[in-house]
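In: the amino acid sequence is not available; the structure is as follows:
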């Protein structure tokens, strides 16, 4: 049985790899998905035609300097934020309620302009008093505290690795924001 995909993960042009043997297949929009020419398998995942680079982030060491993060937290109000360094400059981006898009696309809420970041790399969902991260079918993956994930719950201080960027998830509850502001004033 042959299939073609008009919507979903395999829709559109792109390169895919067989889940069984890692054989690369390139498809155009509307192409039928063939059985794998190498092993006959029918399960494919989106990937690069040229192979997948090892994008596992380097392990964080005690030498990693995140001292800028304490200063960046001081003026923040209660809420959820992503904090990261870009060109030796600290950036703190407030997260909206609901979904926040992170990626290389100009339509991303948090834009990370680097070829190691997919146009639609990840989504962060903040609702009520919880936050979650979701890999948005990125090529290089999302790493939560050093482990590659598709989906994970977020807590204050969690690290998210996206391409060459290390993003810090910051959650300031109203009482902690008041303590931080009092500490900054004193």
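Out: Looks like it arrived, so ask away. The shown structure was predicted, so the numbers you read here are calculated from the model rather than taken from an experiment.

In: which residues sit in contact with the residue nearest in space to the middle of the chain?
Out: Per Cα atoms, centre = their mean, the C-alpha nearest to the average position across the chain is that of residue 122, at 3.6 Å. By Cβ atoms under 8 Å, 6 or more residues apart in numbering, the residues touching residue 122 are 102, 103, 133, 134, 135, 136, 138, 142, 160, 162. C-beta: built from backbone N, CA, C; applies to glycine.

In: look up how far residue 147 lies from the third one.
Out: Going back to what we said before, that points to residue 133. In this view, residue 133 and residue 147 are 12 Å apart by Cβ to Cβ, to the nearest Å.

In: next: the second one.
Out: Computed as Cβ to Cβ, the residue 103 to residue 147 distance reads 20 Å.

In: quick one, which of these two is more surrounded?
Out: Neighbour count, other Cβ atoms under 10 Å: between residue 103 and residue 147, residue 103 has more, with 23 against 10.

In: spit out the contact partners of the closest residue to the more buried one other than its chain neighbours.
Out: Ranked by Cβ to Cβ, 6 or more residues apart in numbering and with sequence neighbours excluded, the top spatial neighbour of residue 103 is residue 121, at 4.0 Å. Applying Cβ under 8 Å, 6+ apart, we find residue 121 in contact with 102, 103, 104, 108, 112, 135, 136, 138, 140, 142, 162, 163.

In: among those, which are located in strands?
Out: 102, 103, 135, 142, 162 (DSSP state E).

In: okay if I get those as a markdown table plus pLDDT and distance to residue 91?
Out: A markdown table is the format used below for those (pLDDT from 0 to 100; distance: Cβ to Cβ, whole Å):
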| residue | pLDDT | distance to residue 91 |
| --- | --- | --- |
| 102 | 96 | 12 |
| 103 | 95 | 15 |
| 135 | 92 | 22 |
| 142 | 93 | 18 |
| 162 | 93 | 13 |
